[in-house]
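In: Quick one: sequence plus predicted model below, questions after.
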Amino acid sequence: MAILITGGAGYIGSVTTELLRGRGEQVVVLDNLSRGYRDAVAPEVPFYQGNIGDRELVTRIVEEHDIDACVHFAALAYVGESVTQPDLYYENNVAQGVQLLTALVSAGVRRVVFSSTCATYGEPQQIPIDETHPQMPANPYGWSKLFVERILADYDRAYDLKFVALRYFNAAGASPSRGERHEPETHLIPLVLQAALKEIDHVTVFGNDYPTHDGTCVRDYIHVSDLGDAHALALKYLRAGNPSTAINLGNGQGYSVLEVIETAREVTGREIAVEMQGRRAGDPSHLVADSSKARSVLDWQPQHADLTTIISSAWEWHAKKGLLT
Ligand SMILES: NC(=O)c1ccc[n+]([C@@H]2O[C@H](COP(=O)([O-])OP(=O)(O)OC[C@H]3O[C@@H](n4cnc5c(N)ncnc54)[C@H](O)[C@@H]3O)[C@@H](O)[C@H]2O)c1
């Protein structure tokens, strides 16, 4: 039996692919490389360059590799781009997602772990956010993920497809061999490290008048290897015959933008220049997870929860990458 990993050439997908291989799983990657990197997938891993919406290809992969489960990372994932080009997001994430799920159930695959997001909650009504919080996304990216959650629930009822929707908060950090390589980069921690390396002039902070302790936005950062671990546990949960569910993945601890920058100064020992700008539309002041369900249902125990560890791992990866380029 093997696991199909869509988006396995991307950031979280490549770390999770390595982690699953390390635990003795057979893995197969499907990625169109629109946002990923071929060298993020080890040469020994069967790799198919193609779209998740290509039903023939998905069917062939399932048959050739005896696939019993799919971990579905592949998506476009820039909030700003989804606002200016919603068609891209609904086509890639939703329309192609339907093709993928239909091909999987038609070929007999009944287990899916899906990369969902805290962006499906929209503006928080209470903090920390648990899984019962109303879902009212503030942008097409969040809607595209919520639609797929909905489709999964309907496929469960109609076709007995069992799924775990993992709603990640802010993924960050790196494993010893794989890390974050988004182009363009919009995530705070890699941008802060780019500023430390003088790859960019400064980090822009959007808004310092939020109702938080220092006025900047507070986010919940989760180490990418802890995320990978949760996927392994979600697969175990599904293979044990458990019902479909949605589970938050965060550390339950919020850090402000200025705290992230200060910690990065300590970790790197370098100057990090900051430029203050006004608030960006649609940024909630706090996004912090209640992750007790991940601990109780999956028995998930994050190993790299503190911010210094997360940033140190990203710095090691980033510095290594800097030396190579
Ligand atoms: N990075 C985060 O903090 C975060 C937070 C919440 C949710 N997520 C979700 O986690 C998943 C992975 O995120 P990431 O940061 O690793 O992103 P990423 O862009 O690094 O990886 C996504 C991968 O999917 C591939 N892909 C996209 N559309 C495809 C398609 N139609 N067919 C085949 N391959 C396709 C890309 O080439 C890329 O390799 C995404 O679904 C994202 O929405 C990420």
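Out: Alright, I've got the coordinates.
In: give me the element residue 152 is part of.
Out: helix 140-159 (DSSP states H and E).
In: what pairs with the helix or strand immediately after that helix in the chain, and is each one parallel or antiparallel?
Out: Downstream of helix 140-159, the next assigned helix or strand under DSSP H and E is strand 162-168. The strands beside strand 162-168 in its sheet (DSSP bridges) come out as strand 111-117 (parallel), strand 245-249 (parallel).
In: Out of those, the one nearest residue 31 is which?
Out: Across the strands paired with strand 162-168, residue 31 has its closest neighbour in strand 111-117 (13.2 Å, CB to CB). Placement of C-beta: from N, CA and C, glycine included.
In: what angle sits between that closest one and helix 140-159?
Out: For strand 111-117 against helix 140-159, the angle by axes from the mean of the first three to the mean of the last three CA atoms, to 10 degrees is 160 degrees.
In: Need the residues that contact strand 111-117.
Out: For strand 111-117, contacts defined as CB atoms under 8 Å, 6 or more residues apart in numbering pick out 7, 12, 68-73, 75, 77, 101, 104, 141-142, 145-146, 148-149, 152, 161-168, 231, 234-235, 238-239, 246.
In: and residue 6, how many neighbours?
Out: Close neighbours of residue 6, defined as other CB atoms under 10 Å, add up to 30.
In: That one and residue 69 touch, don't they?
Out: No. Contact criterion CB atoms under 8 Å: residue 6 and residue 69 do not qualify, at 11.7 Å.
In: quick one on the thing from earlier: filter the contacts of strand 111-117 down to the buried ones.
Out: 7, 12, 68-73, 75, 77, 101, 104, 141-142, 145-146, 148-149, 152, 161-168, 231, 234-235, 238, 246 (16 or more other CB atoms under 10 Å).
In: out of those, who's near the ligand?
Out: When contact is defined as CB under 6 Å from any ligand atom, the buried ones among the contacts of strand 111-117 meet the ligand at 7, 12, 73, 75, 77, 168.
In: Which ones among the residues you listed map onto helices?
Out: Among those, the members found in helices (DSSP state H) are residue 12.
In: For residue 177, state which of the ones next to the ligand among the buried ones among the contacts of strand 111-117 is nearest.
Out: Out of those, the member with the shortest distance to residue 177 (by CB to CB) is residue 12, at 14.1 Å.
In: and the closest one, what is it in contact with?
Out: 73, 115, 168, 171, 224, 227, 228.
In: and the first one, what does it touch?
Out: The one in question is residue 73. 5, 6, 7, 8, 10, 12, 13, 16, 115.
In: Surely the fifth one touches residue 29?
Out: When you say that, I think you mean residue 10. No. In this structure residue 10 lies outside contact range of residue 29 using CB under 8 Å: 10.0 Å.
In: Write out the residues of the stretch 151-300 of the chain neighbouring the ligand.
Out: Contacts of the stretch 151-300 of the chain with the ligand, taken as CB under 6 Å from any ligand atom, map to 168, 170, 171, 182.
In: Below-threshold pLDDT in the stretch 51-200 of the chain: ranges please.
Out: Scanning the stretch 51-200 of the chain for pLDDT under 70 picks out nothing.
In: let's see it at 90
Out: Filtered on pLDDT under 90, the stretch 51-200 of the chain yields the residue ranges 181-186.
In: So, low pLDDT: which residues of the stretch 201-325 of the chain?
Out: 280-284, 318-325.
In: now the strands for it?
Out: 203-206, 218-223, 245-249, 254-256, 274-277, 286-287 (DSSP state E, counting those that start in this stretch).
In: In CSV: those, plus distance to residue 49.
Out: Shown next, in CSV, are the strands of the stretch 201-325 of the chain (distance: least, CB to CB, whole Å):
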stretch, distance to residue 49
strand 203-206, 34
strand 218-223, 29
strand 245-249, 28
strand 254-256, 37
strand 274-277, 39
strand 286-287, 34
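In: coming back round to it: just curious, which of the contacts of residue 12 is nearest to residue 288?
Out: For those, the nearest to residue 288 is residue 168 (13.1 Å; CB to CB).
In: got the contact list for the closest residue in space to the closest one that isn't next to it in sequence?
Out: Residue nearest to residue 168 in three dimensions, not counting chain neighbours: residue 249, with 4.9 Å by CB to CB, 6 or more residues apart in numbering. If a contact means CB under 8 Å, 6+ apart, then residue 249 has 166, 167, 168, 169, 222, 226, 227, 230, 289, 291, 294, 300 as its contacts.
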